[in-house]
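>>> Whatever this is, show me its structure:
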Amino acid sequence: MNSAIQIIPTFNLALAFIPVIAVMIILYKWSLEVGNAIYAVIRMLVQLLLVGSFLTTIFQAESAWLVMMVMLVMVTASAWIALGTVKEKRRMLFQHALIAISLGGGIVLILVTQGVVNLDPWFEPKYMIPLAGMIFANSMNSVSLAAERLQAEISRDLPYVQARNIAFQAAFIPVINSLFAVGLVALPGMMTGQILSGVSPIIAAHYQIVVMCMIFGSAGLSTAYFLVLTKSIFMNKVE
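I've put the predicted structure just below:
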């Protein structure tokens, strides 16, 4: 099996933006938030180019404290971004989101990196940082959906327990859908990347099973902990 990854020239990379531009035109024609979409795409492009250069340095340095600093930035940013759906309560809820994502995602990250993959050294950057990124990102998405839905249900004067259950279930829809679809509808990023780099599909499948389990676990733990921590805030309907 060929282990060489094909290099994407700049011109070919630019072709990937054709459907992006098409969607931008639709947003503009329909008088939707095209400015926000443009900003998001530009930010994505800049962030990925910068992080690509930054991670090269991190991987070469193999420093435990650098890896820890990167993960601290990840979890802090994920907690702040997650609360974009409840901006009026963002500062009030930030600490709770940070704790929930840190603990829920951190427990799963430790189990996967030190028990399942058994990294040596324990902070191996090329494994630790991508795995942490997947865990915190999925925890962020679930917490974000839960926060928005919980606020919506509480505003309808539903009892907290009922609103909490609805919020948790809604937050888990993307996670459950991904479990149903994986391997049948789509080959996820890690599995696709490994196959493209020449890894056996069976080995890639094993890694993807670990990834799906850690996504399910971290999203569930972080979301549940967030909903418990923020009970008093939402019950009091503090604006």
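>>> nearest residue to M74 other than its sequence neighbours?
In space, M74 comes closest to F136 once its chain neighbours are excluded; the distance is 5.0 Å by Cβ to Cβ, 6 or more residues apart in numbering. Glycine gets a C-beta too; all of them are placed from N, C-alpha and C.
>>> can you confirm the one you found is in a helix?
Yes - per DSSP: H, G, I helix; E, B strand; the rest coil, F136 lies within a helix segment.
>>> Name the residue closest to the centre of the chain, please.
In the chain, the C-alpha nearest the mean C-alpha coordinate belongs to A137, at 1.5 Å (Cα atoms, centre = their mean).
>>> That residue and S78 touch, don't they?
Yes - A137 lies in contact with S78 (Cβ atoms under 8 Å); the separation is 6.5 Å.
>>> how's this structure carved up into domains?
Domain ranges of the chain: 1-61, 64-235, per automatic domain parsing.
>>> ok so, going back, residues touching the residue nearest to the centre of the chain, list them.
Under the criterion of Cβ atoms under 8 Å, 6 or more residues apart in numbering, the neighbours of A137 are S78.
>>> mind listing what's buried in the helix-or-strand element of the chain with minimal mean pLDDT?
In the chain, no helix or strand scores lower on mean pLDDT, DSSP states H and E than helix 189-196, which sits at a mean of 74. Buried residues in helix 189-196, counted by 16 or more other Cβ atoms under 10 Å: 190-191, 194-195.
>>> could those be laid out in JSON lines, adding distance to L48?
Output for the buried residues of helix 189-196, formatted as JSON lines (distance: Cβ to Cβ, whole Å):
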{"residue": "M190", "distance to L48": "17"}
{"residue": "M191", "distance to L48": "20"}
{"residue": "Q194", "distance to L48": "19"}
{"residue": "I195", "distance to L48": "21"}
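>>> ok, of those residues, which one's closest to R43?
Nearest to R43 out of those is M190 (Cβ to Cβ; 23.5 Å).
>>> Relative to H206, how far out is that closest one?
Distance of M190 to H206, computed by Cβ to Cβ, to the nearest Å: 11 Å.
>>> picking up where we left off before, what does the pLDDT read for the residue nearest to the centre of the chain?
Among the per-residue scores, A137 holds a pLDDT of 94.
>>> and the gap between it and P121?
Taking Cβ to Cβ, one finds A137 at 24 Å from P121.
>>> Need the contact partners of whatever helix or strand Q162 lives in.
For Q162, the host element (DSSP states H and E) is helix 160-171. Residues outside helix 160-171 that contact it (Cβ under 8 Å, 6+ apart) are 142-147, 149-150, 153-154, 158, 219, 223-224, 227, 231, 234-235.
>>> where do the helices sit along the protein?
For the chain, helices defined by DSSP state H occupy the ranges 10-15, 18-29, 34-61, 64-82, 90-110, 125-155, 160-171, 173-181, 189-196, 201-229, 231-235.
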